[in-house]
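> Sharing a sequence plus its predicted fold:
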Amino acid sequence: MASPGAEPSIFSRIAAREIPATIVAETDHIIAFNDIAPQAPVHVVVTTKTEQYQNVGQLAAADPALLAELVAVAERVALEHCDGEYRLIFNTGASAGQTVFHVHAHVLGGVLEEGTLAAH
Ligand code: 5GP
């Protein structure tokens, strides 16, 4: 959870339209936008509007319905942008590549290499 008085996360600032992004889907609780540094032909970040949870484990434990809504938005984005075929990645922790500590999934689609977890 963000500490009181902490700056809003970069994703909260995107949701508040303070930082521009190409928003591809939105619900009352979830927002999805194109990643600024795409690692696949389709690379969309799907995140909660609340920054209360740092990672998917925390979100699943505290609010499984919100996690299900996030996954449903990811599925809808993938249906619209890559025929419903996609990789869904939640990085957890710096050593796993997490740089923004506000829970989010990466939807990766297009032509991905088989036999690897990385997009390229
Ligand atoms: P993480 O590394 O935490 O799993 O994922 C964070 C993602 O957010 C990265 O893929 C990074 O490119 C993306 N990102 C960071 N800052 C911005 C930004 O200002 N705008 C957008 N659209 N994506 C961002």
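Thanks, I have it. Numbering: from 1, shown residues only.
> which residues in this protein form strands?
Along the chain, the segments classed as strands by DSSP state E run 23-26, 30-34, 42-48, 87-89, 104-109.
> Export those strands to a markdown table and append columns for distance to the ligand, mean neighbour count and mean pLDDT.
In this view, the C-beta of every residue, glycine as well, is placed from N, C-alpha and C. What follows is the strands of the chain, written out as a markdown table (distance: least, Cβ to the nearest ligand atom, whole Å; neighbours: other Cβ atoms under 10 Å; pLDDT from 0 to 100):
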| stretch | distance to the ligand | mean neighbour count | mean pLDDT |
| --- | --- | --- | --- |
| strand 23-26 | 9 | 16 | 98 |
| strand 30-34 | 5 | 22 | 98 |
| strand 42-48 | 5 | 24 | 98 |
| strand 87-89 | 7 | 17 | 97 |
| strand 104-109 | 6 | 24 | 98 |
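> And these: which comes nearest Glu80?
Nearest to Glu80 among these is strand 23-26; the distance by Cβ to Cβ comes to 7.5 Å.
> Could you list the low-pLDDT ranges of this protein?
When residues are selected by pLDDT under 70, those of the chain lie in 1-5, 117-120.
> which residues of it fall in helices?
10-15, 56-62, 64-82 (DSSP state H).
> tally of neighbours for Glu113?
10 (other Cβ atoms under 10 Å).
> Repeat that for Ala62.
12.
> Then the one 3 residues further on?
Burial of Ala65 is recorded as 8 neighbouring residues (other Cβ under 10 Å).
> cool, and the one 10 residues further on?
Using other Cβ under 10 Å, Glu75 has 15 other residues around it.
> Return the residues of this protein in contact with the ligand.
10, 19, 21, 33-37, 45, 91, 97-100 (Cβ under 6 Å from any ligand atom).
> Now do the contacts for His81.
24, 42, 44, 107, 109 (Cβ atoms under 8 Å, 6 or more residues apart in numbering).
> Can you tell me the closest non-neighbouring residue to Arg76?
Ala25 (6.0 Å; Cβ to Cβ, 6 or more residues apart in numbering).
> Could you list everything the one you found pairs with in the sheet?
Applying DSSP bridges to Ala25 gives these bridge partners: Ala32.
> distance of it from Gly115?
According to Cβ to Cβ, to the nearest Å, Ala25 and Gly115 sit 30 Å apart.
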